[in-house]
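> Predicted structure and sequence below. I'll ask about it afterward.
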Amino acid sequence: MEIRARSRKVQPHQRGRVKQLEAEAEELRLQRKRLKAENQTLETLKKLRTSMNKQCTDEEVMQMEEDSEDSQLLQLMARHTQLTDLLQAHHLIGGYDIIKTRQGKGVCVSVATNYEGVYLDTYNLEIDLKPKLRISRHNIPPFIPLNSLTEQCNLQSHFRVFLDTLSCHLNAFTGRKQQLKLVKEQQKSVEVMESNVLCSLLVLMLTVSKGKPLVLCTLEYADHTSCLPTRVHFECEDKQLPDSPEWKKNCSLLIKTPVHKALMTMKTMGHIV
Amino acid sequence: MEKQMNEEENIKEVKMLEAQINHLRAEVAVLQHQQQEMHKDMTFLFRGQMQDALSYTCGQRHAGDREKVMSKLKEEVEELEGDLKQQAQMNGISLNSCTIKTLQSSGSKMVQQVSVSGHCSELVFQVEFELSEVKQEGQRSERTVSNLNVVMDTSGLQNLSSFLSGVEESRDLLTFFRTLRTFSDRCEERYRTFQHFQEKYPAIVSLPGGCRSEVMTLGHPELPSCVLFVYWSVDVSTDGKVTPNINLLPKIPEQALQLFPSLAQSDTTEAFQSLLRILGPEAALESVIGAVSLSQDT
């Protein structure tokens, strides 16, 4: 009696369990089928991409076409992935991204900046193509001489020259800004006394050693397309100090090396704290 | 008894199914792993038309689908081709291949190995670098280029070499390509000018190193021993500033120099520099060529 009672209870449960498991197995089989098919497609696309990169001979392409009825579609898919990658590469290396706006009546161009491998701010220009090439909107900082740059280069015929010049200015500016940021982060003993928005003037207070007079270091960046200063000047109560050989060396170091790096070297040399 | 048999069978079946499921799970895991690995080797973005195409190639096909999937994907590919063409024109750079491999992908950090090859006018290049992207809360993600490696055939491009070695250290991709572009533009200008003069004055102008070289020689056919060398170099500083330099160097026989000391080199060179400043390269060269060819009539 007891056994019967138990089996009666268990049986429907077991049967349900079987059904559940069968369903699960079926689902897994479907998943396996889908994954296999997907992996095969990916494998084929990979092969096609490799041969595209090598610019394979027509023979190989022909072979592909015989191999699979979907080859045309696969070719298109491979080209799609290639184009996507190439566009991504342009984005990384070119510096200018272009997007058509208003049904081709205008374009939006973005100018990327980077310094020492780090991608920094991106600036955008909205440009009307018709009736005349004209910048309609932009977010270039006002202290970048956009107007005189557009006048210097003939936008119509030398648009890329204009972009190159603009990119030069923007990269140098963001580079100087990044240098200033790095100085503030890395050199706790160096006090930034003065700097301007264009980062073309930088006044730093340097500590030689405790008890000794401080050195006021002025860096002027007259060439706005460069990350390096055009003039370095020291001021100190100890009038002899700027003329000492080691500070003359520091001066030439600051002229040739980005300021955050130069300060690092001066610190290791023991010229500043 | 019968029920007991059923029960036993059921238990057997359950065990068998469980074993099957375990086996299938393992298989699926292997396949998923394979797929992940393939995604690391190549960037597949299956969205929109690509997703439909993938579903189709993976067997989810219905009547009439093929044409629809094909034409829609084709449309998208053509659009991308257009974008690429426009982008290449904008950047002044043509790319022929690009491979992106994922080296590391964990939570907020992703590291990719990017290898790109292409050309900027006549200059062929290959660059490789690591791109790491760190996602930051509430800020745009920070992208950094490291381990930059530039491969270029610099034979005949000594002017670029010091800049190239500096760029690998500074990892400044944008400056590299901007400089490459400007350098290539300046070289094109020289090429066009040299070619123009050779076509216009074939008797006077010769290009011993070809149209793309730095040297153009000017000489009168009746005075083969007197030659003017025009050296037009395009110099690139370590920080990427491109400056063309044009110099005129006369080659005059010793004897003539002894007779006419005023023909000394420095005079000609200096005079040419002031011509350059006033007239620009093309007009300055034109007037020198004019002077050389006019000697015929006098």
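Done, it's in.

> Helix, strand, or coil at the residue nearest to the spatial centre of chain A?
Central residue check for chain A by C-alpha atoms, centre = their mean: the C-alpha nearest the mean position is that of A:Y119, 3.3 Å away. Put simply, A:Y119 is strand when judged by DSSP: H, G, I helix; E, B strand; the rest coil.

> Quick check: the nearest residue to it once chain neighbours are set aside vs B:L173, distance?
Leaving out its chain neighbours, the residue that sits closest to A:Y119 by C-beta to C-beta, 6 or more residues apart in numbering or on different chains is B:R143, at 4.4 Å. Any C-beta I mention is one placed from the backbone N, CA and C, and that applies to glycine too. Using C-beta to C-beta, to the nearest Å, one gets 11 Å for the distance from B:R143 to B:L173.

> Please say which of those two ends up with more neighbours.
Taking other C-beta atoms under 10 Å in any protein chain shown, B:R143 and B:L173 do not tie; B:L173 has more neighbours (25 against 17).

> Poorly predicted segments of the chain, please.
As the question left the chain open, I've gone with chain A. Low-confidence segments of chain A, defined by pLDDT under 70: A:1-14, A:55-69.

> Please refer instead to chain B.
Ranges of chain B meeting pLDDT under 70: B:1-3, B:5, B:61-64, B:156, B:256-257, B:259-266, B:294-298.

> Tell me which stretches of it form helices.
Counting by DSSP state H, chain B has helices at residues B:2-41, B:48-57, B:65-91, B:158-170, B:173-200, B:254-259, B:265-279, B:281-294.

> Next, the contact list for the residue of the stretch 151-298 of chain B found nearest chain A, please.
Going by C-beta to the nearest C-beta, chain A is nearest to B:R171 of the stretch 151-298 of chain B, at 3.2 Å. B:R171 makes contacts with A:116-117, B:129, B:145-146, B:148, as judged by C-beta atoms under 8 Å, 6 or more residues apart in numbering or on different chains.

> Save these as a markdown table, and put in distance to A:L216 and neighbour count too.
Listed next are the contacts of B:R171 as a markdown table, based on distance: C-beta to C-beta, whole Å; neighbours: other C-beta atoms under 10 Å in any protein chain shown:
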| residue | distance to A:L216 | neighbour count |
| --- | --- | --- |
| A:E116 | 27 | 20 |
| A:G117 | 32 | 20 |
| B:F129 | 40 | 22 |
| B:V145 | 36 | 23 |
| B:S146 | 36 | 13 |
| B:L148 | 37 | 18 |
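
> From those, which land in strands?
Of these, the ones assigned to strands by DSSP state E are B:129, B:145-146, B:148.

> and chain A, which of those contact it?
B:145-146, B:148 (C-beta under 8 Å from any C-beta of the partner chain).

> Report the residue ranges of every domain in chain B.
What automatic domain parsing lists as the domains of chain B is B:2-65, B:92-182, B:184-294.

> check whether the longest one contacts chain A.
Yes. Against chain A, domain B:184-294 shows contacts by C-beta under 8 Å from any C-beta at B:185, B:239.

> What sits closest to B:M38 if chain neighbours are left out?
Nearest one to B:M38, counting by C-beta to C-beta, 6+ apart, is A:L42 at 4.7 Å.

> In what element of secondary structure is the one you found found?
helix A:2-53 (DSSP states H and E).

> Which other helices and strands does that helix contact?
Packed against helix A:2-53 by the contact rule (3 or more C-beta pairs under 8 Å, 6 or more residues apart in numbering or on different chains; DSSP states H and E) you find helix A:58-67, helix A:71-93, helix B:2-41, helix B:48-57, strand B:94-106.

> mind running it again at 7 Å?
When contacts are defined as 3 or more C-beta pairs under 7 Å, 6 or more residues apart in numbering or on different chains; DSSP states H and E, helix A:2-53 sits against helix A:71-93, helix B:2-41, helix B:48-57.

> Pick the most buried one from the ones you listed.
helix A:71-93 (a mean of 21; mean count of other C-beta atoms under 10 Å in any protein chain shown).

> quick one: the residue nearest to the centre of chain A and A:A112 touch, right?
Yes. Counting by C-beta atoms under 7 Å, A:Y119 does reach A:A112; the two are 6.4 Å apart.

> buried set for stretch A:266-273?
A:266-267, A:271-272 (16 or more other C-beta atoms under 10 Å in any protein chain shown).

> For those, give me CSV that also has secondary structure.
Formatted as CSV, the buried residues of stretch A:266-273 follow (three-state DSSP):
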residue, secondary structure
A:M266, helix
A:K267, helix
A:H271, coil
A:I272, coil
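
> Please identify which pair of those lies farthest apart.
Among the buried residues of stretch A:266-273, the pair separated by the greatest distance (C-beta to C-beta) is A:K267 and A:H271, at 7.5 Å.

> Other residues contacting stretch A:214-230?
A:168-169, A:172, A:175-176, A:179, A:198, A:200-208, A:231-236, A:241, A:254-256, A:258-259, B:239 (C-beta atoms under 7 Å, 6 or more residues apart in numbering or on different chains).

> From those, list the buried ones, please.
Buried members of the contacts of stretch A:214-230, counted by 16+ other C-beta under 10 Å: A:168-169, A:172, A:175-176, A:179, A:198, A:200-204, A:206, A:208, A:232, A:234, A:236, A:241, A:254, A:258-259, B:239.

> out of these, which are inside strands?
A:201-204, A:206, A:232, A:234, A:236.

> neighbours around B:G280, how many?
11.

> any idea which of the ones in strands among the contacts of B:R171 is closest to B:S106?
B:S146 (17.2 Å).

> Show me what the closest residue to that closest one other than its chain neighbours bridges to in the sheet.
Leaving aside its chain neighbours, B:S146 sits nearest to B:E130 (4.9 Å; criterion: C-beta to C-beta, 6+ apart). Beta-bridge pairing for B:E130 (DSSP bridges): B:Q113, B:S146.

> Tally up the residues packed near B:E130, please.
Neighbours of B:E130 (other C-beta under 10 Å): 19.

> and the gap between it and B:T43?
15 Å.

> Around chain B, pick out the residues from the stretch 51-200 of chain A.
For the stretch 51-200 of chain A, the residues in contact with chain B (C-beta under 7 Å from any C-beta of the partner chain) are A:53, A:70, A:72-74, A:76-77, A:79-81, A:83-87, A:89-90, A:92-96, A:98, A:112, A:114, A:116-119, A:160, A:164, A:167-168, A:171.

> ok, 6 Å please
Counting by C-beta under 6 Å from any C-beta of the partner chain, the positions of the stretch 51-200 of chain A adjacent to chain B are A:53, A:70, A:73, A:76-77, A:79-80, A:83, A:85-87, A:89-90, A:93-96, A:98, A:114, A:116-119, A:160, A:164, A:167.

> Cheers, nothing more for now.
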